[in-house]
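Novice: below are the sequence and a predicted model; questions follow.
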Amino acid sequence: MSTQATDKLFAGSIPELYDTCRVPLIFEPYALDLAGRVAARRPQRVLEIAAGTGVVTRAMVAALADDVAIVATDLNPPPRFLARTPHGYHERDVIEHDLARAGWPKPPAIDTLAARSRAATPHLPALAYCQGTPLRNEIEARNAGSLAEATELCASAIARRFGAHAVDGKIQAHIVVVET
């Protein structure tokens with residue numbers, strides 16, 4: 001199976017580990033912020049195009065009025081998992097260019113939101129990335145029996161960088177808003 005095909009394979013234990021390990025580690029603070037931003041605009045309809053496992057969707061459902069229509073889908077076309085999803089698409093000028101090419105008439109408003117990513121142990125982020133994302137498929141494609149070893153090597157590298165106990169690191173995301 002090609003790397004591009006394995007990047008799209010979100011099956012087995014990947015969804016559960018992604019949702020239970022990776023979402024709190026990386027996405028939850030941004031989901032709450034984004035839901036608040038959307039709610040402040042008091043929309044009648046919302047289109048979410050990178051819904052993934054639904055962390056932002058769930059936050060919007062909780063924050064928005066009951067009569068707001070939410071359409072959520074995941075249009076994630078990955079060539080290499082980490083470089084392409086969510087970490088590789090971060091250059092503001094590229095985002096602005098892509099939106100203009102897609103036909104959005106106004107330039108986007110882009111806010112960069114800093115947060116903290118915290119985990120009780122170095123093993124949790126290693127588990128989240130190595131086994132809770134399609135990166136797992138890349139690891140297993142290279143050596144089918146190496147997933148546990150790769151996870152432990154990753155945990156060791158995180159421990160060397162952040163310490164052997166709780167992990168605390170800076171993260172940031174771009175919040176991109178386009179008007180119709």
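Specialist: Ah, there it is.
Novice: doesn't residue 97 belong to a strand?
Specialist: No - if the criterion is DSSP: H, G, I helix; E, B strand; the rest coil, then residue 97 is helix and not within a strand.
Novice: what residue of this protein is the furthest out?
Specialist: residue 67 (27.3 Å; C-alpha atoms, centre = their mean).
Novice: give me the pLDDT for it.
Specialist: At residue 67, the predicted lDDT confidence score is 94.
Novice: now the helices for the chain?
Specialist: Secondary structure of the chain (DSSP state H): helices at 3-8, 14-17, 28-41, 55-63, 81-84, 92-101, 123-131, 135-142, 147-162.
Novice: so for residue 48, which of those helices sits nearest?
Specialist: Across the helices of the chain, residue 48 has its closest neighbour in helix 55-63 (6.0 Å, C-beta to C-beta). (C-beta placed from N, C-alpha, C; glycine too.)
Novice: identify each buried residue in the closest one, please.
Specialist: For helix 55-63, the neighbour count (16 or more other C-beta atoms under 10 Å) marks 55, 56, 57, 59, 60, 63 as buried.
Novice: what angle do that helix and helix 28-41 make?
Specialist: 40 degrees (axes from the mean of the first three to the mean of the last three C-alpha atoms, to 10 degrees).
Novice: now what about helix 55-63, what contacts it?
Specialist: Residues outside helix 55-63 that contact it (C-beta atoms under 8 Å, 6 or more residues apart in numbering) are 19, 23, 27-28, 30-32, 34-36, 38-39, 46, 48, 51, 70, 72.
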